[in-house]
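Asker: Okay, here's the prediction I keep looking at, along with the sequence it came from:
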Amino acid sequence: MDNLSPTDLPPADASSLDPADWSEFLAVAHRAVDDAVARIAALRDGPVWTPMPEPLRQGFRQALPMTPQPLAEIYAQVMRDVIPHAMGNQHPRFWSWYMGAGDLTGALADFLAAVDGSNLGGGDTAAAAVDMQVTDWIRQMVGFPEAASAALVSGGSAANLIGLTAARNAMAGADLREQGLAAMPQPLAFYASDQVHNCHDKAMNVLGLGHRALRRVPTDAAFRMELAALRRMVADDRAAGVKPACVIATAGSTNTGSVDDLAAIAAFCKAEGIWLHVDGCIGALLAIAPQGAALVRGMEQADSLAMDLHKWMHAPFDAGCVVIRDRTLHFSTFSEEAEYLARSQRGLAAGEFLHNYTLETTRSFRALKLWMMLRHHGVARFGQLIDRNLAQARALAAKVGADPKLTLMAPAATSVVCFRYEPETGDADAVDALNRELLLRLQEAGIAAPSGTTLRGRYALRVAFCNHRTRIEDIDLLLDALHRIGAQLESGPPLARTA
Ligand SMILES: *Cc1c(COP(=O)(O)O)cnc(C)c1O
């Protein structure tokens, strides 16, 4: 089909925010699509990340714009100053932290969703139907029963907060929604491994329980929660008059990708009458991977599950999901009445008010990207790509294991590989310093973007394979660069020892 001609359109209304000149807008918008596709097609040949020069940084400290500027000019500045200094997570050799590599279908959907404008807080719209369809698909993907509910949220942190709020209210022994924390007959304790993500600390703060109510259970050599220790801590709390409320099991820890023994923890929680919340921000989607699914067996027994679709499903940011086994409890935790949000039998307000399942009222139409991506690629494709990342992690771990200059720092249970470069000489602090510098040079040269972490007090390079564009040859490229830069550092002047 040919591009739309502005002469086919009703005249523009320059008194509104709509484009005063359709043809100007169309030209920029078409150009933006062409540029985006060209950029994604050529990713591999460019640097992963390009540091921002200081003058450019200054350019983002301009006065508040008071007068209009042509869209084409602004677009040119975005292309010149913003896009080249993106995070780089679309690049095949981006392996930092843990995040998806993006998807053009999802990006197109985000554009369509923004133009459509539906607010998913409520209303009888097709957008709401798409949202309910997608959350039901996600429920099926992670093996939860039909009676479970799910809500799309901004990400894993929000999903975990919602799950922990439901856990707190269900376990408090008082009507917390009405009476607040002061009505609790006993203090509550939550339990998570010492590898738990820090969003749970934020949640404990927001929930009014405080950091100390989140007990840190030690982990074994494979960074998994020690069950014997959990059992002991729960018993000690009971003896002290504290109510064990919730175990937060991690399915894919951020540091090492380790997965707690979900089936054993589920059995323990069931026997003890404790809420099981699984933080599956990294690992929940393993459930759809033919090879990976066995790693998260038991997850489907959780009372609540937090997951991220902007990680292993590569949805453009942001998209997370919380799944709760008991829909009624989910609803009663978050639903609030308001005369201005009364549901009607017919008309726009006839739909279910989805805000009753989350903390937000206004919600974006993030369901559209998931709906379009799942339909366009098919769920099996995402599972295969997850398995491919698992295989890449195993391959890198094997190469590290066979390389006398490298040491594996943790088992690569899923898709994260932690290791370090070993210089010929130098004490432990010097080795840490060399590895820190090695990472920065890799990133600054734009070759690859692992991140770093500290495991049991020692610094480690960390390669997190959550990338549908990574190929096996990218691993050799990384290792060649590591050896080259490592050798340069070993023969160079000593490095400062601070982080
Ligand atoms: C990423 C992550 C989170 C936080 O999710 P966001 O989407 O960044 O808010 C929580 N827990 C784990 C294990 C994670 O990896």
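Answerer: Sure, I can see it.

Asker: Pull the number of nearby residues for residue 218.
Answerer: 13 (other Cβ atoms under 10 Å). Every residue, glycine included, has its C-beta placed from N, CA and C.

Asker: distance of it from residue 154?
Answerer: 32 Å (Cβ to Cβ, to the nearest Å).

Asker: How about residue 472?
Answerer: 34 Å.

Asker: Between these two, which is the more surrounded one?
Answerer: Neighbour count, other Cβ under 10 Å: between residue 472 and residue 154, residue 154 has more, with 19 against 11.

Asker: quick one, what contacts the more buried one?
Answerer: Shown in contact with residue 154 (Cβ atoms under 8 Å, 6 or more residues apart in numbering): 318, 319, 320.

Asker: Most neighbours among those, which one is it?
Answerer: Neighbour max across those (other Cβ under 10 Å) = residue 319, 27 neighbours.

Asker: Might you report the residue contacts of that one?
Answerer: By Cβ under 8 Å, 6+ apart, the neighbours of residue 319 are 152, 154, 155, 308, 309, 310, 313, 366, 369, 370.

Asker: so how far is stretch 107-126 from its chain's centroid?
Answerer: 21 Å (Cα atoms, centre = their mean, to the nearest Å).

Asker: What residues sit buried inside that stretch?
Answerer: Of all the residues in stretch 107-126, those buried under the rule 16 or more other Cβ atoms under 10 Å are 107-111, 113, 118-125.

Asker: repeat for stretch 484-495
Answerer: Buried residues in stretch 484-495, counted by 16+ other Cβ under 10 Å: 485, 486, 489, 495.

Asker: helices or strands up against the lengthiest helix in the chain?
Answerer: If you go by DSSP state H, the chain has its longest helix at helix 379-401. Helices and strands touching helix 379-401, by 3 or more Cβ pairs under 8 Å, 6 or more residues apart in numbering; DSSP states H and E, are strand 406-408, strand 416-421, helix 472-491.

Asker: got the phi/psi numbers for the nearest residue to residue 410 once chain neighbours are set aside?
Answerer: Leaving aside its chain neighbours, residue 410 sits nearest to residue 256 (4.1 Å; criterion: Cβ to Cβ, 6 or more residues apart in numbering). Residue 256 adopts backbone torsions of phi -130, psi 0, taken as degrees, to the nearest 10.

Asker: Give me the pLDDT for residue 256.
Answerer: The model reports residue 256 with a pLDDT of 98.

Asker: Count residues in the vicinity of it, would you?
Answerer: Neighbours of residue 256 (other Cβ under 10 Å): 26.

Asker: residue contacts, it?
Answerer: Per Cβ under 8 Å, 6+ apart, neighbours of residue 256: 195, 223, 410, 411, 412, 413, 416, 418, 455.

Asker: Pipe those residues into TSV and attach secondary structure and neighbour count per row.
Answerer: As requested, the contacts of residue 256 are arranged in TSV below (DSSP: H, G, I helix; E, B strand; the rest coil; neighbours: other Cβ atoms under 10 Å):
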residue	secondary structure	neighbour count
195	coil	21
223	coil	24
410	coil	23
411	coil	17
412	coil	25
413	coil	20
416	strand	30
418	strand	28
455	strand	16
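
Asker: And the furthest pair within the residues you listed?
Answerer: Using Cβ to Cβ, the contacts of residue 256 span at most 14.7 Å, a distance reached by 195 and 412.

Asker: Residue 495 touches residue 437, doesn't it?
Answerer: Yes: judged on Cβ atoms under 8 Å, residue 495 makes contact with residue 437 at a distance of 5.3 Å.

Asker: Which residues are in contact with each of those two?
Answerer: Going by Cβ under 8 Å, 6+ apart, residues that sit against residue 495 and also against residue 437 are residue 489.

Asker: Residue ranges of each domain in the protein, please.
Answerer: Using automatic domain parsing, the domains assigned to the chain come out as 20-85, 110-377, 380-491.

Asker: Now the shortest one: average pLDDT?
Answerer: pLDDT averaged over domain 20-85 equals 96, rounded to a whole number.

Asker: gap between the two ends of that domain?
Answerer: 31 Å (Cα to Cα, to the nearest Å).

Asker: for the last one, same thing?
Answerer: Using Cα to Cα, the gap from the first to the last residue of domain 380-491 comes to 49 Å.

Asker: near the ligand, which residues of this structure?
Answerer: Contacts of the chain with the ligand, taken as Cβ under 6 Å from any ligand atom, map to 98, 155-157, 160, 197, 199, 250, 254, 279, 281-282, 308, 320.

Asker: rerun at 8 Å
Answerer: 97-99, 154-160, 196-197, 199-200, 250, 252-254, 279-283, 306, 308, 310-311, 318, 320 (Cβ under 8 Å from any ligand atom).

Asker: From these, which land in strands?
Answerer: 250, 279, 280, 306, 308, 320 (DSSP state E).

Asker: so how many other residues sit close to the spatially closest residue to residue 327 that is not a sequence neighbour?
Answerer: Spatial nearest neighbour of residue 327, excluding adjacent residues (Cβ to Cβ, 6+ apart): residue 149 at 3.8 Å. For residue 149, the neighbour count with other Cβ under 10 Å is 21.

Asker: What of residue 18?
Answerer: So residue 18, with other Cβ under 10 Å, has 10 neighbours.

Asker: And what about residue 191, helix, strand or coil?
Answerer: At residue 191 the chain is in strand, as set by DSSP: H, G, I helix; E, B strand; the rest coil.

Asker: Tell me what it is bridged to.
Answerer: residue 215, residue 247 (DSSP bridges).

Asker: Buried residues, stretch 348-365. List them.
Answerer: 351, 352, 353, 354, 355, 356, 357, 358, 360, 363, 364, 365.

Asker: What is the end-to-end distance of it?
Answerer: 17 Å.

Asker: swap in stretch 165-179?
Answerer: Using Cα to Cα, the two ends of stretch 165-179 sit 15 Å apart.

Asker: what separates that stretch from the chain centre, distance-wise?
Answerer: Averaged C-alpha coordinates place stretch 165-179 at 27 Å from its chain's average position (Cα atoms, centre = their mean).

Asker: which ones are touching residue 417?
Answerer: So residue 417 contacts 393, 396, 397, 400, 408, 462, 463, 465 (Cβ under 8 Å, 6+ apart).

Asker: Okay, it and the ligand: tell me how far apart.
Answerer: Distance of residue 417 to the ligand, computed by Cβ to the nearest ligand atom, to the nearest Å: 16 Å.

Asker: And residue 387, by the same measure?
Answerer: In this view, residue 387 and the ligand are 19 Å apart by Cβ to the nearest ligand atom.

Asker: and what of residue 192?
Answerer: In terms of Cβ to the nearest ligand atom, residue 192 sits 10 Å off from the ligand.

Asker: Could you find the closest non-adjacent residue to that residue?
Answerer: residue 248 is the one closest to residue 192 (Cβ to Cβ, 6+ apart), at 3.9 Å.

Asker: got a pLDDT number for the one you found?
Answerer: For residue 248, the model assigns a pLDDT of 99.

Asker: which residues in the protein form strands?
Answerer: 94-95, 149-153, 188-193, 214-217, 243-250, 275-280, 304-308, 320-324, 406-408, 416-421, 449-455, 458-464.

Asker: hey, which of these is tucked in deepest?
Answerer: Of these, the one with the most neighbours on average (mean count of other Cβ atoms under 10 Å) is strand 304-308, at a mean of 31.

Asker: That one - which strands sit beside it in the sheet, and in what orientation?
Answerer: Applying DSSP bridges, one finds strand 304-308 paired with strand 275-280 (parallel), strand 320-324 (antiparallel).

Asker: now these in JSON lines, with mean pLDDT?
Answerer: Listed next are the strands paired with strand 304-308 as JSON lines, based on pLDDT from 0 to 100:
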{"stretch": "strand 275-280", "mean pLDDT": "98"}
{"stretch": "strand 320-324", "mean pLDDT": "98"}
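
Asker: Sweet, I'm off.
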